[in-house]
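A.B. asks: Okay, sequence plus prediction incoming.
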Amino acid sequence: MVVGGQCEFQNCSHIGVQGCAVKGGWERYPYYLQLLEEIKIDEESQLNKYVTKKEGGVRCKMGEKGMEQGRARLDRKKYRIESRKKMKQTMMTELKF
């Protein structure tokens with residue numbers, strides 16, 4: 001049940017937030033709470049499923065004994081080592097012209 005119009009917060013979860021206009025008196029509110037719980041569980045399982053993740057230029061990787069290690073993420077195109085085959089091909093094309 002919405003009391004006094006819309007909720008004053010844009011990203012409100014409508015669960016006991018001070019100043020929230022949405023109260024738990026409407027019939028589908030328990031379903032809403034259940035849906036939020038399922039979303040939370042799904043997001044946690046997705047984070048645990050993938051070992052490496054990108055967060056702000058840091059690559060997190062599971063190390064020894066389950067400890068998480070952070071490494072700086074480098075720009076792939078800038079710091080990538082050129083293969084010998086590609087180096088030979090570029091030299092050959094430069095020599096031909």
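C.D. replies: Sure, I can see it.
A.B. asks: low pLDDT regions in the chain?
C.D. replies: 1-5, 24, 48-56, 97 (pLDDT under 70).
A.B. asks: now do 90
C.D. replies: For the chain, the stretches with pLDDT under 90 are 1-33, 42-83, 95-97.
A.B. asks: the longest helix in it is where?
C.D. replies: Looking across the chain with DSSP state H, the single longest helix is helix 29-49.
A.B. asks: roughly how far is that one from the heart of the chain?
C.D. replies: Averaging C-alpha coordinates over helix 29-49 and over its chain gives two centres that are 15 Å apart (C-alpha atoms, centre = their mean, to the nearest Å).
A.B. asks: again, but for stretch 61-75
C.D. replies: Worked out by C-alpha atoms, centre = their mean, stretch 61-75 lies 16 Å from the chain centre.
A.B. asks: Now do the buried residues in that stretch.
C.D. replies: Buried residues in stretch 61-75, counted by 16 or more other C-beta atoms under 10 Å: none are found. C-beta: built from backbone N, CA, C; applies to glycine.
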